[in-house]
Structure formats: structure tokens, C-alpha cells
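Colleague: quick one, what's the 3D model for this:
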Amino acid sequence: MSWFKRESGDYEPEPSGTEPIDSRRVRTDGLWVKCLGCRQAIFKADLAANLNVCPKCQHHFKMGARQRIELLLEPGYDIVDGGLRSTDPLNFTDVKPYKQRLRKAQEETGLDDAILNAVGQLGEHDVVISAMEYAFIGGSMGAVVGETIARAVDRARFGRKPLIIVAASGGARMMEGVVSLMQMAKISTALGQLDDAAVPYICILTDPTTGGVTASFAMLGDLNIAEPGALIGFAGPRVIEQTIRQKLPEGFQRSEFLLEKGFLDAVVHRRDLKSYIARALTFMQVQTSSQPAENTEAEVSRSV
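Modeller: Numbers count the residues shown, from 1 in each chain. Here you go, the predicted model:
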């Protein structure tokens, strides 16, 4: 397991006396990852070339928001609705101040918050995509995430472009208290208006999609698609077992289990997602090219 994490520094062979020590180091740290499914070692480059899917057991690793957008959209897409940052309305502090958590997440991900909106083409269809970033405080939904998704919904409605949301979240961001919970109703109301306008909405549920995100917009799609093996639910399995004092069935809250019980429309391998969604939009007879866009930046933009 030294391939994955080296506690005492990199391996150094015996010095030959002819070159500096630094140039003789063999660096293996970070070149390999261990699959959470089959527990086998995977060369990182092979994993990236396979869309972050284990080539041995097909376990789907997490993907960032930018990777999701690049996976689904044709080159030349535009990132929109950026520049929003949380103001920490409660001045919240637990183990560390919320402001400090935000700064760290922003530095590590390069994002303002746990969401990215983009407009572009998926196959022949003009679409609006909102992709969540799990690496940003667990993809939790605060005021900025809620507002950004609401803007994506409005943009899709005004422009009559299909909406695609990629959900990856631990739920509502409780460091923002009731403000985070309000986003559930806010986005659901906007999606109701989108439905009234007969504009398609497709939700892609990835691992994990839990909490208030599952309880609101993640389950409201005209088509709800999940990746294989994704954890999807409200409370976690451990909490449910402790509450009902019963052993849960094998595979409980995994996408295949939910598909069997009728909570999902399809479970689609990551390599097939783009073509599957393109066929679904064609089936829905989306005629975006013949319908003039009505949106303006003033109409889409709203205050947080």
C-alpha cells in the first residue's frame, strides 16, 4: 500500500556518489489509486482515460463539475452565472469558522461555490447544464448553490432550452441554517414554472445524492437517470438502521435498487450518458432551433 501513501518520504536508492540525492529519488506517490469496488491498484492515467471508471470492475469514481460539463457538452460551451459567493449570513463557527471552510474550498477547487452553470450543445440540442461539485464542502446546497440553480432553471425557461442538472451532494448546507433549507422550495417552485412552460428537465444523480437535494430538485426530473452504484437517498443507511432497528436489504439506496423499486427511470454507464440524453431529448421532440430565445441577462439575474 506504499504506492498510495508514503508517510516517511519517497524511496531513495543507495547513493552512487555521482549525482545529487534529489535526482535519484523514485517517486510513486500519487501515480496509483485503489479502487473502492474491486480494491485493485489502478494507474491514474488509465483511470482518467476511462472517464474515472475502474477498467476492471466498472466502479464509478467521483467527477468534478468541470469534468461533467466537458463530458456532456461539445467544445465551445460557455460558463455562466458565476461570481456569486456566500456571505456567511450566520457568522457560523463549529470546529472552525465557516468563512475559513469557504476560503479553503475555493482555493482547492478554483470555484466560487459547489456549482457550475454552462450553456452549450449536447449533440444537436442547445441545453443549459448545472453541475454540482462534491469537492466543495461535500457539494452542500447553500444560498449560492440554490440561487445559481434557480438561475439555470430561469435561463432554460426563458430560452426554451432543455435543462440538465448533475446532482452530487450531501444535502443542505447547515452552516447557513434555514437559508439553506429555503433553497429546496425555491428551486422546486422554479422547476414547477419550467414544467408549466413544457421545457424538458433531466436530472443525473451521481454518487452521492442525499439529504435536501434528493428531497427537492434531484427527484423532480422529467427523466431521472443515475450512474451505476450511486448512493441516493435522504438519510444515510446507518441512520435508518438505527432508527427502525432493522437490517436493511443488500444494495439499499444504491441506484440499481432504486431502479428496481421504480424511483429512477434508468441507470446509465458514464460512457453512454451523452448519447442516452441526446436520444432522450430527440424523443421528447425538443425543437429549440425554431423557437426564439426570450431570455435576457436582466431577466435571468436576480439577487441572492
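
Colleague: where in the chain is pLDDT low?
Modeller: 1-29, 285-304 (pLDDT under 70).

Colleague: mind doing that once more with 50?
Modeller: Applying pLDDT under 50 to the chain flags residues 1-2, 8-12, 14, 21, 23, 26, 286-290, 296-298, 300-304.

Colleague: the strands in it, which residues?
Modeller: Using DSSP state E, the strands of the chain run over 32-34, 41-43, 78-80, 115-122, 125-132, 163-169, 201-209, 223-226, 266-267.

Colleague: in JSON lines, list the ones you listed along with mean neighbour count and distance to V95.
Modeller: To be clear about C-beta, it is placed using only N, CA and C from the backbone, and glycine gets the same treatment. Shown next, in JSON lines, are these (neighbours: other C-beta atoms under 10 Å; distance: least, C-beta to C-beta, whole Å):
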{"stretch": "strand 32-34", "mean neighbour count": "16", "distance to V95": "28"}
{"stretch": "strand 41-43", "mean neighbour count": "15", "distance to V95": "33"}
{"stretch": "strand 78-80", "mean neighbour count": "14", "distance to V95": "33"}
{"stretch": "strand 115-122", "mean neighbour count": "22", "distance to V95": "24"}
{"stretch": "strand 125-132", "mean neighbour count": "26", "distance to V95": "24"}
{"stretch": "strand 163-169", "mean neighbour count": "28", "distance to V95": "21"}
{"stretch": "strand 201-209", "mean neighbour count": "25", "distance to V95": "22"}
{"stretch": "strand 223-226", "mean neighbour count": "23", "distance to V95": "33"}
{"stretch": "strand 266-267", "mean neighbour count": "16", "distance to V95": "37"}
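
Colleague: pull the number of nearby residues for V178.
Modeller: For V178, the count of nearby residues is 10 (other C-beta atoms under 10 Å).

Colleague: same question for E124.
Modeller: Number of residues near E124 (other C-beta under 10 Å) recorded here: 12.

Colleague: quick one: contacts for it?
Modeller: 278, 282 (C-beta atoms under 8 Å, 6 or more residues apart in numbering).

Colleague: kindly report the same for the one 4 residues further on.
Modeller: When contacts are counted by C-beta under 8 Å, 6+ apart, V128 is found next to 117-119, 152, 155-156, 159, 161-164.

Colleague: thinking again about what came up before, quick one: closest of the strands of the chain to G146.
Modeller: Closest of those to G146 is strand 115-122, at 9.0 Å (criterion: C-beta to C-beta).

Colleague: just how off-centre is that closest one within its chain?
Modeller: Between the centre of strand 115-122 and the centre of its chain there are 13 Å (C-alpha atoms, centre = their mean, to the nearest Å).

Colleague: which other residues reach that strand?
Modeller: With contacts defined as C-beta under 8 Å, 6+ apart, strand 115-122 is touched by 65-66, 69, 72-74, 76-82, 126-133, 144-145, 148-149, 151-152, 155, 161, 164, 274, 277-278, 281.

Colleague: dump the contacts of V128 to TSV, plus distance to T206.
Modeller: Output for those, formatted as TSV (distance: C-beta to C-beta, whole Å):
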residue	distance to T206
N117	17
A118	17
V119	21
A152	17
R155	22
A156	20
G159	25
K161	22
P162	19
L163	17
I164	12
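
Colleague: of these, closest to K104?
Modeller: Nearest to K104 among these is N117, at 22.9 Å by C-beta to C-beta.

Colleague: about what we covered before: out of the strands of the chain, which is closest to Q253?
Modeller: strand 201-209 (9.1 Å).

Colleague: which strands or helices does the closest one pack on?
Modeller: The contact analysis (3 or more C-beta pairs under 8 Å, 6 or more residues apart in numbering; DSSP states H and E) places strand 201-209 against strand 163-169, helix 178-196, strand 223-226, helix 273-283.

Colleague: for that strand, what is the distance to the chain centroid?
Modeller: In terms of C-alpha atoms, centre = their mean, the centre of strand 201-209 is set 7 Å apart from its chain centre.

Colleague: compute the inter-axis angle for it and helix 178-196.
Modeller: Inter-element angle recorded for strand 201-209 and helix 178-196: 150 degrees (by axes from the mean of the first three to the mean of the last three C-alpha atoms, to 10 degrees).

Colleague: run through who's touching strand 201-209.
Modeller: The contact list for strand 201-209 (C-beta under 8 Å, 6+ apart) reads 60, 62-63, 134, 153, 156, 162-170, 191, 194-195, 214, 217-227, 229-232, 255, 264, 273, 277, 280-281.

Colleague: just the buried residues of these.
Modeller: 60, 63, 134, 153, 156, 162-170, 191, 194, 214, 217-227, 229-232, 255, 264, 273, 277, 280-281 (16 or more other C-beta atoms under 10 Å).
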